[in-house]
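>>> Need a 3D model of the following:
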Amino acid sequence: MTWQVWTDIMQKNGASTHVVPLDDLREHTKDATCWCDPRVDDALNLFTHNSADNREAFETGERKPT
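Numbering: from 1, shown residues only. Here you go, the predicted structure:
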């Protein structure tokens with residue numbers, strides 16, 4: 001499972017960075033209103049998107065492949 005880091009330097013409030021899952025079940029928008037309700041770190045202007053395929057649970061060891 002792959003993630004992409006995308007930085008937008010054209011934001012009015014400075015650069016914003018999005019960590020977005022690639023090849024997810026649904027397409028993500030690179031903004032705070034994405035359907036996945038991304039976690040936001042205001043200090044870093046960092047948006048970490050949540051996957052529809054639940055890949056985070058496998059990466060953290062919470063779920064094991066069957």
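>>> what's the neighbour count on D8?
When neighbours are defined as other C-beta atoms under 10 Å, D8 has 14 of them. In this view, the C-beta of every residue, glycine as well, is placed from N, C-alpha and C.
>>> Ok, D23 next?
10.
>>> Assign it to helix, strand or coil.
At D23, secondary structure determined by DSSP: H, G, I helix; E, B strand; the rest coil is coil.
>>> ok, it touching T2?
Yes: counting by C-beta atoms under 8 Å, D23 touches T2, with 6.8 Å between them.
>>> Mind exporting the C-alpha coordinates of stretch 23-31 to CSV?
Coordinates of the C-alpha atoms in stretch 23-31 are reproduced here as CSV (Å, rounded to 0.1, in the frame of the first residue of the first chain):
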residue,chain,number,x,y,z
ASP,A,23,-5.0,3.6,-5.3
ASP,A,24,-7.7,3.9,-2.5
LEU,A,25,-11.2,2.8,-3.0
ARG,A,26,-12.3,6.4,-3.4
GLU,A,27,-10.6,9.4,-4.8
HIS,A,28,-9.4,12.0,-2.3
THR,A,29,-9.5,15.8,-2.6
LYS,A,30,-6.5,17.6,-1.3
ASP,A,31,-8.2,19.8,1.1
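>>> show me where the chain has helices.
Secondary structure of the chain by DSSP state H: the helices cover 55-59.
>>> Find the residue at the geometric middle of it.
With distances taken as C-alpha atoms, centre = their mean, the chain has H49 as the residue nearest its mean C-alpha position (2.2 Å).
>>> Touching, that residue and R26? I think so.
No: H49 is not in contact with R26 according to C-beta under 8 Å; the separation is 10.5 Å.
>>> contacting residues around the residue nearest to the centre of the chain?
H18, V19, V20, P21, H28, C34, C36, P38 (C-beta atoms under 8 Å, 6 or more residues apart in numbering).
>>> and if we set it to 6 Å?
Residues in contact with H49, defined by C-beta atoms under 6 Å, 6 or more residues apart in numbering, are V20, H28, C34, C36, P38.
>>> give me the low-pLDDT residue ranges for the protein?
Low-confidence segments of the chain, defined by pLDDT under 70, are located at 1, 9-13, 65-66.
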